[in-house]
Every structure is written in C-alpha cells, then in structure tokens.
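Participant: Got a sequence here, can you model it:
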Amino acid sequence: MANKDDIQNPQGNAAKDPDQWTTGDEPMTAAQRSYLHTLATEAKEEIDENMTKAQASKKIEELQEKTGRGK
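Facilitator: Modelled structure (predicted):
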C-alpha cells in the first residue's frame with residue numbers, strides 16, 4: 001500500500017522544491033551548467049555562472065518552459 005507522501009508526491013524527492021534541498025546552496029553541477037548554456041542559447045538569454053544548485057534548477061525549469069524543451 002502506498003503511503004500518504006507517495007500519493008501526494010508521486011515523483012518522490014525528484015519533485016522536491018529546490019529551496020528545500022539540503023545541498024541547494026552548493027555551486028551548480030557541471031551537468032546543470034552545460035544544460036543551462038544549451039537552453040540559454042536557444043532562449044537568447046544570459047546565465048549567471050555563479051548560481052547555486054537550487055537556482056540553476058529553477059532557471060532550467062524556466063528556460064524549459066520558454067524553449068519547449070524537457071517537458
């Protein structure tokens with residue numbers, strides 16, 4: 001039987017708000033940086049090279065929406 005948290009958040013921790021990540025204030029990963037550059041180029045936007053993991057995740061979501069990628 002699924003527990004209450006699984007029903008309310010079926011994707012588990014992957015769907016957790018980046019502001020709640022325990023490592024969210026660490027520098028963005030190399031993979032995030034690379035994908036951000038790809039998305040930013042498509043969206044004709046600049047990115048902040050000093051973003052945290054959480055900030056990068058939010059920017060990725062924003063640019064995915066803008067470019068139609070990833071969803």
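Participant: got a list of what the residue nearest to L36 when sequence neighbours are not counted touches?
Facilitator: Closest residue in space to L36, ignoring its immediate chain neighbours: I47 at 5.0 Å, by Cβ to Cβ, 6 or more residues apart in numbering. (Each C-beta comes from the backbone N, C-alpha and C, glycine too.) Neighbouring residues of I47 by Cβ atoms under 8 Å, 6 or more residues apart in numbering: 36-37, 40, 59.
Participant: Buried only: go through those for me.
Facilitator: Buried subset of these (neighbour count, 16 or more other Cβ atoms under 10 Å): 36, 40, 59.
Participant: Just give me the closest of those residues to T67.
Facilitator: T67 has its nearest neighbour among the buried ones among the contacts of I47 in A40, at 9.3 Å by Cβ to Cβ.
Participant: where does that closest one land on pLDDT?
Facilitator: pLDDT for A40: 97.
Participant: Tell me who's in contact with Q32.
Facilitator: For Q32, the contact set (Cβ under 8 Å, 6+ apart) comprises 51, 53, 56-57, 60.
Participant: These into a markdown table, with extra columns for neighbour count, secondary structure and pLDDT?
Facilitator: Formatted as a markdown table, the contacts of Q32 follow (neighbours: other Cβ atoms under 10 Å; DSSP: H, G, I helix; E, B strand; the rest coil; pLDDT from 0 to 100):
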| residue | neighbour count | secondary structure | pLDDT |
| --- | --- | --- | --- |
| M51 | 18 | coil | 96 |
| K53 | 17 | helix | 95 |
| A56 | 22 | helix | 96 |
| S57 | 20 | helix | 95 |
| I60 | 22 | helix | 96 |
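Participant: quick one: which of those is nearest to A15?
Facilitator: Nearest member of the contacts of Q32 to A15, counting by Cβ to Cβ, is S57, at 11.3 Å.
Participant: was I right about E42 contacting R69?
Facilitator: Yes. In this structure, E42 is within contact of R69 by Cβ atoms under 8 Å, at 7.3 Å.
Participant: Find the residues that touch each one of these two.
Facilitator: In contact with both E42 and R69: L63, using Cβ under 8 Å, 6+ apart.
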